[in-house]
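Q: need a 3D model of the following:
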Amino acid sequence: MPGGRLSQQERQQIAVGLADSLPYAEIARRLDRPTSTITREVMRNGGPTAYRADLAHRATERRAHRRRPASAPGSAAAPQPHGRDANAIAEYEETLTTVLMASGLSKMSSRVLTMLFTTDAGSLTAPQLAQRLQVSPASISKAIAFLESQSLVRRERDDRRRDRYIVDDELFFQATIASARANDQLVGVARQGVAILGAGTPAAARLENIARFLDFISESITRAAEQAREILHTRSESA
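A: Next comes the predicted model:
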């Protein structure tokens, strides 16, 4: 049933689909499920190359069992601002975390970034992040250090001299530019190889083509980011 928990049979069908190299969207279509459900299921259970239906099913049962004692009988979920659905928010946070992991971020970095993205203030302190994610301060510190190195978050001191970790519109622009500059470094190294291997040799020609390709991509990304920068500071009509 769409929207309900995946059954063991559905997980077996996911495993078969992965073995046949089917895209997540096609597996989702065959199961009449959202693509995000399949993506999250696979990424939470080893990824497309290591997914096993039986292990995934047992892992889900263990997670459900661990969650039960946390809710006392009759207790209600914490109220959400703006009348939001707490269950829908939790589901969305899980989906966003999975997509960020698929883009190359570690699980903890993805979870931290998801918390910051989905907080109206756009900022949280380390203790707040540790409490919301139920992890140690050391785990938060390590994830933040990586995200700062990628220009994905920045820190500020608040009036109580606490570090606050912030995501804002400008950070996406800065992260895009930083990514383009990382390409520039590879371009320089590739062209260094051309000189060492000897112009006109097959290996040098290969490196020169790589350098030209990345040079073009880097320039295009930078130009597009500059042109689109204003979008990050514009409120949409639906906001």
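
Q: run through who's touching stretch 172-183.
A: Contact with stretch 172-183 is made by Gln150, Ser151, Leu152, Leu214, Asp215, Ile217, Ser218, Ile221, Thr222, Ala225, Arg229, Leu232, as judged by Cβ atoms under 8 Å, 6 or more residues apart in numbering. From N, CA and C alone the C-beta is placed, and that goes for glycine too.

Q: and those, which of them are buried?
A: Buried subset of the contacts of stretch 172-183 (neighbour count, 16 or more other Cβ atoms under 10 Å): Gln150, Ser151, Leu152, Leu214, Asp215, Ser218, Ile221, Thr222, Ala225.

Q: what about the third one, which SS state?
A: When the structure is reduced to helix, strand and coil (DSSP: H, G, I helix; E, B strand; the rest coil), Leu152 reads as coil.

Q: tell me how far it lies from Gln134.
A: Distance from Leu152 to Gln134, counting by Cβ to Cβ, to the nearest Å: 22 Å.

Q: ok now stretch 188-202, how far from the chain's centre?
A: Relative to the centre of its chain, stretch 188-202 is centred 36 Å away, using Cα atoms, centre = their mean, to the nearest Å.

Q: and that stretch, what's buried?
A: Quick answer for stretch 188-202 (16+ other Cβ under 10 Å): Ala190, Arg191, Gly193, Val194, Leu197.

Q: then that stretch to PDB, C-alphas only?
A: The C-alpha trace of stretch 188-202 is given here as PDB (Å, rounded to 0.1, in the frame of the first residue of the first chain):
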ATOM      1  CA  GLY A 188      46.700  22.900 -13.600                       C
ATOM      2  CA  VAL A 189      47.900  19.400 -12.500                       C
ATOM      3  CA  ALA A 190      46.700  17.800 -15.800                       C
ATOM      4  CA  ARG A 191      48.600  20.400 -17.800                       C
ATOM      5  CA  GLN A 192      51.700  19.800 -15.800                       C
ATOM      6  CA  GLY A 193      51.400  16.200 -16.800                       C
ATOM      7  CA  VAL A 194      51.200  17.200 -20.500                       C
ATOM      8  CA  ALA A 195      54.600  18.900 -20.200                       C
ATOM      9  CA  ILE A 196      56.100  15.900 -18.300                       C
ATOM     10  CA  LEU A 197      54.700  13.200 -20.600                       C
ATOM     11  CA  GLY A 198      55.600  15.100 -23.800                       C
ATOM     12  CA  ALA A 199      53.300  17.000 -26.100                       C
ATOM     13  CA  GLY A 200      51.900  14.900 -28.900                       C
ATOM     14  CA  THR A 201      52.000  11.600 -27.000                       C
ATOM     15  CA  PRO A 202      48.700   9.800 -26.400                       C
END
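
Q: C-terminal to the helix-or-strand element of the chain with minimal mean pLDDT, what's the next element?
A: The helix or strand of the chain with the poorest confidence is helix 53-67; it has a mean of 73 (mean pLDDT, DSSP states H and E). As assigned by DSSP states H and E, the chain's next helix or strand after helix 53-67 is helix 86-102.

Q: buried set for that following helix?
A: Here helix 86-102 shows Glu93, Glu94, Thr95, Leu96, Thr97, Thr98, Val99, Leu100, Met101, Ala102 as buried, counting by 16+ other Cβ under 10 Å.

Q: can you list the domain ranges for this protein.
A: Annotated domains of the chain cover 8-63, 105-166, 169-233 [automatic domain parsing].

Q: can you pull the pLDDT of the most centrally placed residue in the chain?
A: When Cα atoms, centre = their mean is applied to the chain, the residue found nearest the centroid is Leu100 (1.0 Å). For Leu100, the model assigns a pLDDT of 83.

Q: residue most distant from the centroid, the protein?
A: Here the centre of the chain is the reference, and by Cα atoms, centre = their mean the most remote residue is Gly200, at 42.0 Å.

Q: thank you, goodbye.
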